[in-house]
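J.: Turn this into a structure:
(2 chains)
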Amino acid sequence: MQTGLRVVVGILLLVGVFGLCIHYGATYDTNWPHPTGEQLDTDYEEYVDERILLIGEVHSTDPVDETLTIEITDDADEVAAEIEIHDTTAAVEPGGTVQAYGTLHGDETMTTSEIVVVNHGPTESQYKLAVSVVGILLAIGYFLTQWQLNLQQLTFNQRSNTIEGDYNG
Amino acid sequence: MAELLSHVLIAYTVFTVASWRVNWLTKSWVAIGMIGSLLPDLSRIGLFVTDATIEATLGVPFGIGAIHTLGGVVLCAAIGSLVVADHRRRAFGLLVAGGLSHLLTDGLKVWADGAASAWLYPLSWYRHPTPGLYVSSDYRVLVVVGSVAFAVALLDHLVIVDRHTSTDDH
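T.: Below you'll find the model as predicted:
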């Protein structure tokens, strides 16, 4: 395939990615069975007494009262709602992340039937980020030991020392 | 999702073991599969640019989470295959397979309501039941996956490479 044609096809595929993201964004709220931050912010009453799943960052904890408060964010990563969760002994500290599944109440509290601690604290999200960066470097590093960039054709070619055994494509 | 290192090591393990039976699946193509395992997490662009910012710019709804689905993987794999000099269908297949290994692994993690993410989008918004095997910050995932990948790499280097070099010269 000629370079020009590849560029055109690449641009069309990028448009396709944007189109997919636009469709996903437009249909998410009606297809995801639980409220988003925006929906909690604007239509809170609609979800009162419903069993819903919330994912949020822990704002505060009270081990004595066995409660914790989580912040639910919207698409702009702004806090859209603060929900207090009762009767939980989940081992989590402020800055951690939890999934809470249970019944939402009108006073911005929730009684959970299941709570999952995703990150016990902020250090765990840093751990995931750091380890993920190692993963990216490993994949790209290994790739570059096998392939080399041909700037003229804007392609990656198999390195000559790795092409053995790849005879009949 | 698990952290990306585990996803990359899972892809390495799966494609390396497959290479023991499939002659054309050389290390070059294993590397492509590993790159494929990164594709779903291109959605992490959202850490730098929020959906709301893009929505405000484009004037339409936007969900970067679409990339972390089957449809997103297929489209990103198609783009990725364009920059490979030859065997683009093979590259596409391996990029998709790498991305699928990522999505399937994510499909095993814990969700408080017992159902996985709707990763089959745009084919379906179905959320299959999840066995709830791990949470993304569980370091034991990396220990297990890393150990298996190390054993496979060792086996591949010490035993299998000899077999490949003796069968690849036709």
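
J.: Just the helices from chain B, written as ranges.
T.: Along chain B, the stretches classed as helices by DSSP state H are B:4-19, B:27-36, B:51-58, B:70-81, B:88-106, B:139-155, B:161-167.

J.: Please list the residues outside the fourth one that contact it.
T.: Surrounding helix B:70-81, the residues in contact under the criterion C-beta atoms under 8 Å, 6 or more residues apart in numbering or on different chains are A:10, A:13-14, A:16-17, A:20-21, B:35-36, B:39-40, B:42-43, B:66-67, B:88-89, B:91-92, B:95-96, B:99-100, B:102-103, B:119-123. Any C-beta I mention is one placed from the backbone N, CA and C, and that applies to glycine too.

J.: still on that earlier bit, quick check: which of the helices of chain B is nearest to A:L54?
T.: Evaluated over these, closeness to A:L54 peaks at helix B:51-58, with 18.1 Å, by C-beta to C-beta.

J.: one step back: for the helices of chain B, which one ends up most surrounded?
T.: Comparing the helices of chain B by mean neighbour count (mean count of other C-beta atoms under 10 Å in any protein chain shown), helix B:27-36 ranks first with a mean of 26.

J.: Which residues are in contact with the residue nearest the centre of chain B?
T.: Compute the mean C-alpha point of chain B, and by C-alpha atoms, centre = their mean the closest residue is B:S37, 2.2 Å away. Shown in contact with B:S37 (C-beta under 8 Å, 6+ apart): A:139, B:4, B:7-8, B:10-11, B:98-99, B:101-102.

J.: Contacts for stretch A:49-67, please.
T.: Residues outside stretch A:49-67 that contact it (C-beta under 8 Å, 6+ apart) are A:33-35, A:40, A:68-73, A:82-89, A:92-105, A:110, A:113, A:118, B:111-113.

J.: Among the residues you listed, which lie within strands?
T.: A:68-73, A:82-86, A:97-104, A:110, A:113, A:118 (DSSP state E).

J.: Can you give me the buried ones in stretch A:69-77?
T.: A:69-75 (16 or more other C-beta atoms under 10 Å in any protein chain shown).

J.: from those, which is closest to chain B?
T.: A:D75 (4.1 Å; C-beta to the nearest C-beta).

J.: Would you tell me which helix is longest in chain A?
T.: Max-length helix for chain A by DSSP H is helix A:3-31.
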